[in-house]
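K.L.:
output the structure for:
(one chain, ligands or ions: 1)
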Amino acid sequence: MIKNYINGKLLEPVSEKYFDNYDPAIGEAYGIVPDSDERDVELAVAAAEAAFPAWAATPPDERSRIMFKIAELIKRDLAEFARAECIDNGKPLTLAKTVDIPRAIKNFEFFASAIHGFASESHNIEGEAVNYTLRNPIGIVGAISPWNLPLYLFTWKIAPALITGNCVIAKPSEITPMTAFLLSEACIEAGLPEGVLNIVHGYGHKVGKAITAHPKIKAITFTGGTKTGADIASVVAPMFKKLSLELGGKNPNIIFADANYEKMLSTTVMSSFRNQGEICLCGSRVFVEKPIYEKFKKDFVERTKALKIGDPLQNDTDQGAIVSKEHMEKVLGYIKLAQEEGGTVLCGGNQFIPEGRCDNGWFIEPTIIEGLAYNCRTNQEEIFGPVVTITPFETEEEVLMMANSTEYGLASIIWTENLSRAHRMAANIQTGIVWINCWMVRDLRTPFGGMKSSGVGREGGMEALRFFTEPKNVCVKL
Ligand code: TXE
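P.N.:
You can find the predicted model right below:
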């Protein structure tokens, strides 16, 4: 049974109340989640406060050793973590095994290594003074994560926060809590000192809100919806907390006629529908240069129809279940809206009912829609499901205008063999991440995040280590 991880112990919620945890592939509850509240957050803050001085004083080598140990335990239990992620989120087990859990392991290993390269600077005033910059841990930080890549995004926040000497109060999404619970067991086994990491399960408006509003929690890192990001910002801004927001996206995938066609086509099927389209980096608006539009349309529809939807535990499944009934209804609502806005559904468009054990699950056919205006709601709002629109274009200026027309600015994909055009597009497109002739190629040292309504700040590499530390300039008279 899932419990909170507070002060190194697995505890029941103070309320002693729980709510159901669903398996989206079968549409039924399969477990229960602690319905924690501000009292549990208070216990976690007290534990973190007591643990902080010793943890901050722990040499980076020791912090690094413990993090490598946690990574090793997740690796040892990879099959269990992957199965838990698949059952909680509905994603194919093969995806959890090859992407989600390996990346969670890498998050710990990467930051456990990166700390050794984390340095600061000194500045000399010749003959007068020398300045040096200290970068100290902030203290107690809050981490709140979403349901789409549960352990992957949870550890992406926790690892850099811990390695820089902070204590963490973390809340996973209430919809996908299981791997966060398994992580807490791994932390206990790895000998992470009690109170250094505290995981409090429960609802966003209760536990999440209590974390963001707590006066002793000095920084908040959040990944989730843009609206929730705004709610969180309104709470933390007047408290002058450091804030990192990774929010939604409506990412353009721009395909020029000179693209490497087969590479583009196979990658575009992935960037459109991987994880049932529930990745903030998915390319949900596909723009195709006119000369190849008809050919692309035919081929893209054909490849999409070949995707296998169904039981996420089966090894040959490409498309698993949508994470919740509410989210499935939301996505189906957008498919209906698209048709009301004049779109034509080229394939998919319906809820999918698999045969067998998943016949009561929440599935949607991968859907391609054409014929919509670039500025209609379907092309402006984040759908976050297996739904993409395709739109022809004639010139660079036209496609750049359409691509930059949304409130979001997270990621973009550009397919062209023309190098100067690729650099020109990358310079002018308003996204924090630009992939040229590839998608989801990730170097964890790079600044990761979006502009406009896709967020504030960057995660990854030294950006993350700097976010979780407070710089202090010391000036010494020579
Ligand atoms: O996110 P929420 P959800 C988008 C996607 C999706 C929408 C909502 O469009 O449909 O966001 O998804 C906690 N104070 N993305 O509902 O609500 C909540 O408990 C503090 C994009 O998952 O933002 C959960 O742990 N915390 C995103 C976390 O915030 C609060 C990935 C995310 O929940 C809170 C997922 C509050 N007031 C969804 N309200 C991406 N960028 O990858 C909720 N929470």
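K.L.:
kindly export the helix or strand where residue 338 lies (C-alpha atoms) in PDB.
P.N.:
For residue 338, the element it lies in under DSSP states H and E is helix 325-340. Extracted as PDB, the C-alpha positions of helix 325-340 are listed here (Å, rounded to 0.1, in the frame of the first residue of the first chain):
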ATOM      1  CA  LYS A 325     -11.100   9.000 -17.800                       C
ATOM      2  CA  GLU A 326     -11.200  12.800 -17.400                       C
ATOM      3  CA  HIS A 327      -8.300  13.300 -19.700                       C
ATOM      4  CA  MET A 328      -9.700  10.900 -22.300                       C
ATOM      5  CA  GLU A 329     -12.900  12.900 -22.300                       C
ATOM      6  CA  LYS A 330     -10.900  16.100 -22.600                       C
ATOM      7  CA  VAL A 331      -9.000  14.800 -25.700                       C
ATOM      8  CA  LEU A 332     -12.200  13.400 -27.300                       C
ATOM      9  CA  GLY A 333     -13.700  16.800 -26.700                       C
ATOM     10  CA  TYR A 334     -10.900  18.500 -28.700                       C
ATOM     11  CA  ILE A 335     -11.400  16.000 -31.600                       C
ATOM     12  CA  LYS A 336     -15.100  17.000 -31.700                       C
ATOM     13  CA  LEU A 337     -14.100  20.700 -31.500                       C
ATOM     14  CA  ALA A 338     -11.700  20.200 -34.400                       C
ATOM     15  CA  GLN A 339     -14.600  19.000 -36.600                       C
ATOM     16  CA  GLU A 340     -16.800  21.900 -35.500                       C
END
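K.L.:
can you give the contact residues for it?
P.N.:
When contacts are defined by CB atoms under 8 Å, 6 or more residues apart in numbering, helix 325-340 is touched by residues 22, 24, 27, 278, 322, 345, 349, 351, 362-364, 367, 369, 372, 377-378, 381, 383-387, 389. Where C-beta positions appear, they are placed from N, C-alpha and C, glycine not excepted.
K.L.:
same for the ligand: which of those residues are within range?
P.N.:
Filtering these for proximity to the ligand by CB under 6 Å from any ligand atom leaves residue 384.
K.L.:
can I get the buried part of the contacts of helix 325-340 as one PyMOL selection?
P.N.:
To isolate in PyMOL the members of these that are buried, counting by 16 or more other CB atoms under 10 Å, one can use:
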select buried, resi 22+24+27+278+322+345+349+362+363+364+367+369+372+378+381+383+384+385+386+387+389
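K.L.:
per-residue pLDDT, residue 241?
P.N.:
Residue 241 carries a pLDDT value of 98.
K.L.:
that one and residue 218 touch, don't they?
P.N.:
Yes - under the criterion of CB atoms under 8 Å, residue 241 makes contact with residue 218 at 5.8 Å.
K.L.:
around the ligand, pick out the residues from the protein.
P.N.:
Residues of the chain lying close to the ligand (CB under 6 Å from any ligand atom) are 144-148, 171, 173-174, 204-205, 208-209, 212, 223-225, 228, 231-232, 246-248, 280, 382, 384.
K.L.:
restricted to strands, list those.
P.N.:
Mapping the residues of the chain next to the ligand onto strands (DSSP state E) picks out 144, 171, 223, 246.
K.L.:
partners of the last one in the sheet?
P.N.:
Each beta-bridge partner of residue 246 is listed here, defined by DSSP bridges: residue 223, residue 455.
K.L.:
that one: neighbour count?
P.N.:
Residue 246 has 27 neighbours, counted by other CB atoms under 10 Å.
K.L.:
quick one on the thing from earlier: and the residues of the chain next to the ligand, which are buried?
P.N.:
Burial by neighbour count, judged by 16+ other CB under 10 Å, picks out 144-148, 171, 173-174, 204, 208-209, 212, 223-225, 228, 231-232, 246-248, 280, 382, 384 from these.
K.L.:
residues contacting residue 418?
P.N.:
Counted by CB under 8 Å, 6+ apart, residue 418 has contacts 256, 258.
K.L.:
again, only this time at 10 Å
P.N.:
Counting by CB atoms under 10 Å, 6 or more residues apart in numbering, residue 418 touches 256, 258-259, 424-425.
K.L.:
what do you get for residue 78?
P.N.:
Shown in contact with residue 78 (CB under 10 Å, 6+ apart): 96-97, 101-102, 104-105.
K.L.:
let's see that with 8 Å instead.
P.N.:
With contact set as CB under 8 Å, 6+ apart, residue 78 has these partners: 97, 101-102, 105.
K.L.:
save the ones in strands among the residues of the chain next to the ligand as CSV, and put in pLDDT too.
P.N.:
Listed next are these as CSV, based on pLDDT from 0 to 100:
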residue, pLDDT
144, 98
171, 99
223, 98
246, 98
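K.L.:
farthest pair in the residues you listed?
P.N.:
Based on CB to CB, the longest span within those runs between 171 and 246 and measures 14.9 Å.
K.L.:
excluding chain neighbours, what is closest to the residue most central in space within the chain?
P.N.:
Nearest to the mean C-alpha position of the chain, counting by CA atoms, centre = their mean, stands residue 153 at 4.7 Å. The shortest distance from residue 153 to any non-neighbouring residue, by CB to CB, 6 or more residues apart in numbering, is to residue 145 (4.7 Å).
K.L.:
isn't residue 60 up against residue 135?
P.N.:
No - counting by CB under 8 Å, residue 60 does not reach residue 135; the two are 11.7 Å apart.
K.L.:
I'd like the next helix or strand past the lengthiest helix in the chain.
P.N.:
Ranked by residue count and defined by DSSP state H, the top helix of the chain is helix 38-57. Following helix 38-57 in sequence order, the next helix or strand is helix 60-76 (DSSP H and E).
K.L.:
circling back: taking helix 60-76 as reference, get the angle to the longest helix of the chain.
P.N.:
130 degrees (axes from the mean of the first three to the mean of the last three CA atoms, to 10 degrees).
K.L.:
who has more neighbours out of residue 60 and residue 135?
P.N.:
More crowded of residue 60 and residue 135, by other CB under 10 Å: residue 135, with 17 against 14.
K.L.:
and the strands in the stretch 251-400 of the chain, which stretches?
P.N.:
Per DSSP state E, counting those that start in this stretch, the stretch 251-400 of the chain carries strands over the ranges 252-255, 285-289, 344-347, 351-352, 363-364, 367-370, 387-393.
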